[in-house]
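**Student:** Got a sequence here, can you build the structure:
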Amino acid sequence: MQAAQQLLSNPVARGLNILGDRWTILILRETFLGQHRFDEFRRRTGASRGTLSSRLENLVANGILYKNPYQTSPLRYEYRLTGKGLALYPWALLIWQWESEWADASDAELPTQLWHSYGEGDGHRLTPLAVCRHCGEPLHYDDVERVVKASPEGATAGALTEIGSQRRTRGGNQQMLGHVTDIIGDRWTLLLMAMAFVGLTRYDDFRQHLGVATNVLADRLKLLVYTGIFSKDAYSSNPPRYEYHLTEKGKALYPLTMALRQWVLEWLPKVKHPLTLVHRPCGKELATDVICDSCHTVPRTDEVRFQ
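**Tutor:** Numbers count the residues shown, from 1 in each chain. As a prediction, the model looks like this:
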């Protein structure tokens, strides 16, 4: 029960409860690229009408998109980002950055670079960089300490809706973010990574903390090993037992996971959670910003273009 409550209150888990779905991520991708209408979403993502409708309704219900009528007869709507939705842009930039660095060329056809139009002149190349808000240092997995609070503040977390029925789906437009959506576009997969980020390595520990079905757990662990996010290392030969450790490719997903955590802390109601993250270089509780590595400003959607 204690492990389940900690999962319910985990900021990453709460964010995934809203966003941890392949189609949701693809819809957000399209909104950040300037698409707003149902038919365009469907054409560019390959989602069925029913799937697309349910994901758009979920994003509207959670205050990330709002519906704006653009035609009255028949009534039709555009879907626009709210302030809460726009605040996800840094997370989206880090997703793109990870994909551009770690996906095989055959997995996705990404634009060659991001361009940041900021200040005077024509702008400059943009590499999004996750940093500690307090000291400005780049964020690395090995620089963060996990501290357990005795009496966490905030309300008690509610249930994570539909997390137990989440399935790993495939298909859709693979032109951009095809590789990363296989990993973070599934709640269980990224929850396993979140548990690895706090030190869990063994099958039974993952199962106890997540309450996940054995077949789902085995499938997701197999995927994470296959994609090079986890390594599978034997710690017992009789009977055979394995630990799952983050690879460098897996650790590179830590900044975008922390960007999602920061969005939850700033935009969702505060709930009790016993784990505090401390940035070792400055000794302060971790808060994550995503900046342009050239001008050190936070990029806005109207300042960035793909090339």
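
**Student:** only C-alpha atoms for contact and neighbour calcs from this point on.
**Tutor:** OK.

**Student:** The stretch 1-150 of the chain: strands as residue ranges?
**Tutor:** Using DSSP state E, counting those that start in this stretch, the strands assigned to the stretch 1-150 of the chain run over residues 65-72, 75-81, 114-116, 124-126, 128-132, 144-148.

**Student:** For Tyr244, which of the ones you listed is the nearest?
**Tutor:** Checking the strands of the stretch 1-150 of the chain against Tyr244 by C-alpha to C-alpha gives strand 144-148 as the closest, at 19.1 Å.

**Student:** counting contacts, what elements does the closest one pack onto?
**Tutor:** The contact analysis (3 or more C-alpha pairs under 8 Å, 6 or more residues apart in numbering; DSSP states H and E) places strand 144-148 against strand 275-279.

**Student:** Need the winner for burial among the strands of the stretch 1-150 of the chain.
**Tutor:** strand 128-132 (a mean of 23; mean count of other C-alpha atoms under 10 Å).

**Student:** circling back to that earlier point, would TSV of the strands of the stretch 1-150 of the chain with distance to Thr276 be doable?
**Tutor:** Shown next, in TSV, are the strands of the stretch 1-150 of the chain (distance: least, C-alpha to C-alpha, whole Å):
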stretch	distance to Thr276
strand 65-72	30
strand 75-81	30
strand 114-116	33
strand 124-126	31
strand 128-132	14
strand 144-148	5
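
**Student:** which stretches of the stretch 1-150 of the chain have low pLDDT?
**Tutor:** Filtered on pLDDT under 70, the stretch 1-150 of the chain yields the residue ranges 1-8, 104-112, 149-150.

**Student:** One more pass at 80, please.
**Tutor:** Under the criterion pLDDT under 80, the flagged ranges of the stretch 1-150 of the chain are 1-9, 103-113, 119-121, 148-150.

**Student:** same deal with the stretch 201-307 of the chain?
**Tutor:** Using pLDDT under 80, the stretch 201-307 of the chain drops low at 272-274, 306-307.

**Student:** how does it look with 90?
**Tutor:** Residues of the stretch 201-307 of the chain that meet the criterion pLDDT under 90 lie in 209-212, 227, 238, 270-276, 301-302, 304-307.

**Student:** What segments of it are helices?
**Tutor:** Ranges of helices in the stretch 201-307 of the chain, per DSSP state H, counting those that start in this stretch, are 203-210, 214-226, 248-251, 254-267.

**Student:** how about these in TSV, adding mean neighbour count and distance to Thr127?
**Tutor:** What follows is the helices of the stretch 201-307 of the chain, written out as TSV (neighbours: other C-alpha atoms under 10 Å; distance: least, C-alpha to C-alpha, whole Å):
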stretch	mean neighbour count	distance to Thr127
helix 203-210	16	34
helix 214-226	16	26
helix 248-251	17	18
helix 254-267	20	13
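
**Student:** Out of those, flag the one nearest Gly50.
**Tutor:** Across the helices of the stretch 201-307 of the chain, Gly50 has its closest neighbour in helix 214-226 (24.5 Å, C-alpha to C-alpha).

**Student:** The closest one versus helix 203-210: what angle between them?
**Tutor:** Interaxial angle, helix 214-226 versus helix 203-210 (axes from the mean of the first three to the mean of the last three C-alpha atoms, to 10 degrees): 120 degrees.

**Student:** Could you report the neighbour count for Ile95?
**Tutor:** Per other C-alpha atoms under 10 Å, the neighbour tally for Ile95 reads 22.
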